[in-house]
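Colleague: the sequence isn't on hand, but the structure is:
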């Protein structure tokens, strides 16, 4: 196979078959025709239950669609970048194994409160203009140091960096374009 162009998640499933779909752990749907449809996400969750890495970058994802991602309990890496209609992150509270989260340019996200941070190592919040970065402090783990090692808050409104003390393992911090 040298090239494969598909128009729907159903076509991917038809190509792979039931057994093949059950084995897929990484799926990149970046730029999936102008907007991924609810039925495609429902189908994806049902037929690709072992997904660990999912990219829906530039897919026109909105809050209604994100709610259908909840059953993907094995997700460790989720890229929702450049989906400007996502406001509510409540669906993320179900992802207990999430390690990497990319919300770059999700300009409508308004709260980080639903994030559960026990395993999160990298978070990209670049250009998430509506969020209050101070909400990251609720990610602090009770009895251990937080595992967060990479944080991108470029072009976010930061007026205080005291919250960074909560993340002693931070090795990469991007503050490009932040007014301080």
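Modeller: Sure thing, it's come through. Only a predicted model underlies this, so the values are computations on that prediction, with no experimental measurement involved.
Colleague: check which residues of stretch 67-74 are buried.
Modeller: Neighbour counts using 16 or more other CB atoms under 10 Å place 68, 69, 72 of stretch 67-74 among the buried residues. Heads up, the C-betas are built off the backbone N, CA and C, glycines and all.
Colleague: count the residues that sit near the closest residue to the first one other than its chain neighbours.
Modeller: With CB to CB, 6 or more residues apart in numbering as the measure, residue 41 is the residue that lies nearest to residue 68, at 4.5 Å, once sequence neighbours are left out. Neighbour count of residue 41, defined by other CB atoms under 10 Å: 22.
Colleague: quick one: contacts for residue 41?
Modeller: Applying CB atoms under 8 Å, 6 or more residues apart in numbering, we find residue 41 in contact with 9, 65, 68, 69.
Colleague: and for residue 131?
Modeller: 109, 110, 111, 112, 125, 156.
Colleague: how many other residues sit next to the last one?
Modeller: Each residue near residue 156 was counted by other CB under 10 Å, and the total is 21.
Colleague: same question, the third one
Modeller: The local packing of residue 111 (other CB under 10 Å) involves 14 other residues.
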